[in-house]
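**Student:** Pasting a predicted model and its sequence here:
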Amino acid sequence: MPDSAFYAAVETRRTVRDFLPEAVPQEVLDRAVDAARLAPSSSNLQPWEFVVIRDPQVRQAANAACLDQLPAKTAPVLIAQVTHRDTWRRNRDEILRIFEGRGPLRPSQASYYRKIIPLVYTTGPFGLLGPLKRVISRVASLFKPTPNLMSRADVRVMAHKSTALAAATFMLALRAEGYDTCPMEGFDPWRAKALLDLPRHAEVNMFLAVGRRSETGVWWDRVLMPRDWVVREI
C-alpha cells in the first residue's frame, strides 16, 4: 500500500509567499535537515551546506539580497542553500574513512573513490584541463558508451543538481512537519555570496523561506503542465 502521509506532504506542499510570525522549533529544523542529508547526490559527495541566518543584521541584508520579496521578509526562518563544487576531495576522503572504519575496503570502493573520482572531478589550474577531458570523452563515446569526464562548468552543474535534491527533500520534510517553504531563485548572487562570506567555489543555490503559511500565503491554485508534455515512452 502507498504511504498516504508521504503523498499528503507532496500534495499539500505549496510555494508560500506570506508567513505567520510563529517561530519554527529548532527540533523541527533539525529533523528536516537530517532528512535532507539523506538525499541522493552525485557519487554521494553531498556538495551542499545549509546556512541558517540568525543574526538580525545579516537577516536584513539577506532580505535585501532576496530583492525584498515578501516570503523573505515575513518568514521566521531564512536559510541559504549553498552548493560547493570544490569539497569533493574532502568529502571523498571522509567517505573512504567511514568505509575503512566498517572493515576492509573493497577493491571497487578503493578504485572508484581513489581513481575514478579524481579523474572525473579534477579540472586543473584555471579549469584548463576540463575542455580537454570533454573532448577526449566525446571522441571515446563515438566508439563505446563513455561518461562525461567533466569540465569545471560540468562540475558546477553537478553540484547544483545535487544541492537541489537536498533542498527538495528538506521542503518535503518540513511539509510533513506541518510547515511551509518558499524556494527563491530571485536574488542578487554577488551580494549573497559576500554576505555569507562564501569561498570562491561556493554559490547560493537558492534561499528557502520557512514557517507556517498565512491565510494569504498561497497566491493561486496549482497549475500543472499536461501529463503528456512531461512523460514520454520510447
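**Tutor:** Here it is on my side, so go on.
**Student:** Name the residue most distant from the centre of the chain?
**Tutor:** Centroid-distance maximum for the chain: Phe143 at 34.5 Å, with CA atoms, centre = their mean.
**Student:** how close does the residue most central in space within the chain sit to Pro40?
**Tutor:** The C-alpha lying nearest the average C-alpha coordinate of the chain belongs to Thr163 (CA atoms, centre = their mean; 1.8 Å). Using CB to CB, to the nearest Å, one obtains 12 Å as the distance from Thr163 to Pro40. (C-beta placed from N, C-alpha, C; glycine too.)
**Student:** Return the list of helices and strands in contact with the lengthiest helix in the chain.
**Tutor:** Counting by DSSP state H, the longest helix found in the chain is helix 152-176. Judged by 3 or more CB pairs under 8 Å, 6 or more residues apart in numbering; DSSP states H and E, helix 152-176 is in contact with helix 4-12, helix 26-36, strand 48-53, strand 77-84, helix 129-141, strand 180-184, strand 202-211.
**Student:** quick one: that helix to chain centroid distance?
**Tutor:** Put simply, helix 152-176 sits 2 Å off its chain's centre (CA atoms, centre = their mean, to the nearest Å).
**Student:** just stretch 32-49 next, same as before
**Tutor:** For stretch 32-49, the distance to the chain centre is 8 Å (CA atoms, centre = their mean).
**Student:** quick one: contacts of it?
**Tutor:** Applying CB atoms under 8 Å, 6 or more residues apart in numbering, the contact partners of stretch 32-49 are 50, 81-85, 87-88, 91-92, 95, 112-113, 117, 158-159, 161-163, 165-170, 172-174, 177, 179, 202, 205.
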